[in-house]
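Enquirer: what's the 3D shape of this:
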Amino acid sequence: MDSIEREVYVDARPEQVWSALTNPEHFATWYAFGGAEIDLRPGGSLVMRWDEHGEYRGFVETVEPGRRFAYRYAVDPDVAPVPGNSNLVEFTLTPDGEGTRLRVVESGFDRLEFPEDVRAKHAEDSGQGWDGGLAALAEVARGL
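Expert: Okay, here's the model as predicted:
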C-alpha cells in the first residue's frame, strides 16, 4: 500500500479549517496531543508530540493558505525525516456550500525502508489516526 486517503465534510468555512490545520495550538487539540510546532512556510520545521509515542519531526512542503497544506515527517520518533523513513501528508480544502470538503492523503508507505509487516502496521496506525483526527478536527474547526 502506498497511500491512505480520507475525506470529510466539515461544517465550517475554509479559513476556519485552515486555522485548525496550521495553527500549532489548534493542531495540538485534534492531533498532536502533546503539542505541536509549525513554522508555516515551505521548508519550515514541524514537530508533533504525543506523550505515549514521543516527538515526530518533519518539515512543511506546501503552503497555499485556505487551499493546500503539506508536510513530510519521519514515521519513527526522535529522528529527522529522510528518504526511506518519512511520509508525505497532504491536506486539500475545497469550499462546499456553507462548509468545507477536507481531503487528507498520506503517502510513501511503500518507500519506507522497513520490513513489509512494519510498513503495514504504520499504514494501519495512520489510517486509524486520521479517522479519529479528522472527526476531532471537524469539531475544533466549527468552534473557531
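Enquirer: switch to C-alpha atoms for all contacts and neighbour counts from now on
Expert: Will do.
Enquirer: and the gap between the residue lying farthest from the centre of the chain and Tyr9?
Expert: The C-alpha centroid of the chain is most remote from Gly97, which lies 24.2 Å away (CA atoms, centre = their mean). Going from Gly97 to Tyr9 by CA to CA, to the nearest Å gives 10 Å.
Enquirer: try Tyr31
Expert: To Tyr9, Tyr31 is 18 Å away according to CA to CA.
Enquirer: between those two, who's got more neighbours?
Expert: The neighbour count for Tyr31 versus Tyr9, taken as other CA atoms under 10 Å, is higher for Tyr31 (21 against 17).
Enquirer: any idea how far Gly97 is from that one?
Expert: 26 Å.
Enquirer: for Asn85, same thing?
Expert: Distance check for Asn85 against Gly97: by CA to CA, it reads 39 Å.
Enquirer: before we move on, what about Val60?
Expert: 29 Å.
Enquirer: list the contacts for Thr94?
Expert: With contacts defined as CA atoms under 8 Å, 6 or more residues apart in numbering, Thr94 is in contact with 14, 67, 100-102.
Enquirer: What residues of the host helix or strand of it count as buried?
Expert: Element membership for Thr94, per DSSP states H and E: strand 86-96. By neighbour count on 16 or more other CA atoms under 10 Å, the buried set for strand 86-96 is 86-95.
Enquirer: could you dump those residues to TSV with distance to Pro115 and pLDDT?
Expert: Below are the buried residues of strand 86-96 laid out as TSV (distance: CA to CA, whole Å; pLDDT from 0 to 100):
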residue	distance to Pro115	pLDDT
Ser86	15	97
Asn87	16	98
Leu88	19	98
Val89	21	98
Glu90	25	98
Phe91	28	98
Thr92	31	98
Leu93	34	98
Thr94	36	98
Pro95	40	98
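Enquirer: Let me have the contacts of Thr94 in TSV, extended by secondary structure, neighbour count and pLDDT.
Expert: Putting the contacts of Thr94 into TSV (DSSP: H, G, I helix; E, B strand; the rest coil; neighbours: other CA atoms under 10 Å; pLDDT from 0 to 100) gives the following:
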residue	secondary structure	neighbour count	pLDDT
Pro14	helix	23	97
Arg67	coil	16	98
Thr100	strand	23	98
Arg101	strand	19	98
Leu102	strand	23	98
